[in-house]
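A.B. asks: Take this sequence and fold it.
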Amino acid sequence: MNLANMADQIQASTSSMELGITIKCFTEVGKLIGLGKVIFQAQEIIDLDAQTAVHGALISIETSGEYPSNSVSVIGYDNIDKACAAIDKIKLIDPKSSKFKSIEARFTVDGLTIMVFNVPGKDAFVPTAEKLMFSVSSGNCSAFFEISKISELKLLLIKARETIDACKHTST
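C.D. replies: The predicted structure follows:
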């Protein structure tokens, strides 16, 4: 959205007083579905009075089960690359590197927590088989996924950043 044009449209029809109007522009860029669901949006919040725009990736988490709930976090545009770099590191966690039975590794950015953890288990063919999983959490809501989907998480964050970049470049 062109901030200058939007501000001109609104202010042309009103006086010069501050009106407290904000505009939210957003595009869904994808979702991860596992034990719960995580929906990714690229967004822009425009404050017409201050003539500013803030960009970020809105992450909406929906739990599964009989009593589902949801929560939202927004990763600020400047923190999207930090989150992607942390995902690259955290996915390398190896439960066999510890003598303890269970291991967790987590990071938090702008209220969103990503945690990789092992689920010790038994398999008919490999009695000490372990399943590596990750969770995405915000507030009191978490969604859980097989570790193989963690690359999709990173790709959706990148897609949100690219969507924001494309919108910012077309609005100048």
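A.B. asks: S151: what's it in contact with?
C.D. replies: Contact analysis of S151 by CB atoms under 8 Å, 6 or more residues apart in numbering lists K91. In short, each C-beta sits where N, CA and C put it, glycine included.
A.B. asks: Could you number the chain from 573 rather than 1 from now on?
C.D. replies: Done: numbering now begins at 573, and the last item shifts to S723.
A.B. asks: helix/strand/coil for it?
C.D. replies: With DSSP: H, G, I helix; E, B strand; the rest coil as the basis, S723 sits in helix.
A.B. asks: again with G592
C.D. replies: coil.
A.B. asks: next one: N651
C.D. replies: Per three-state DSSP, the secondary structure class of N651 is helix.
A.B. asks: My guess is it contacts T680. True?
C.D. replies: No. Applying CB atoms under 8 Å as the test, N651 and T680 come out as separate, 10.6 Å apart.
A.B. asks: So those two - more neighbours on which side?
C.D. replies: For N651 and T680, the more surrounded residue by other CB atoms under 10 Å is N651, and the numbers stand at 17 against 14.
A.B. asks: What count of nearby residues applies to the nearest residue to the more buried one once chain neighbours are set aside?
C.D. replies: Excluding the flanking residues, the one nearest N651 by CB to CB, 6 or more residues apart in numbering is V681, at 5.1 Å. Applying the criterion other CB under 10 Å, we find 15 residues in the vicinity of V681.
A.B. asks: next one: S669
C.D. replies: 9.
A.B. asks: and the closest residue to it other than its chain neighbours, how many neighbours does it have?
C.D. replies: Nearest in space to S669, with sequence neighbours left out and distances taken as CB to CB, 6+ apart, is I675 at 7.8 Å. For I675, the count of nearby residues is 17 (other CB under 10 Å).
A.B. asks: Lowest average confidence across helices and strands of the protein, where is it?
C.D. replies: Each helix and strand of the chain was given a mean pLDDT (mean pLDDT, DSSP states H and E); the minimum falls on helix 575-584 at a mean of 56.
A.B. asks: need the next SSE after that one, C-terminal direction.
C.D. replies: strand 594-606 (DSSP states H and E).
A.B. asks: and that next one, how far out from the chain's middle?
C.D. replies: Taking CA atoms, centre = their mean, to the nearest Å, one finds the center of strand 594-606 at 9 Å from the center of the full chain.
A.B. asks: Wait, the residue nearest to S669 touches F689, no?
C.D. replies: Yes. Taking contacts as CB under 8 Å, I675 lies within contact range of F689: 6.8 Å.
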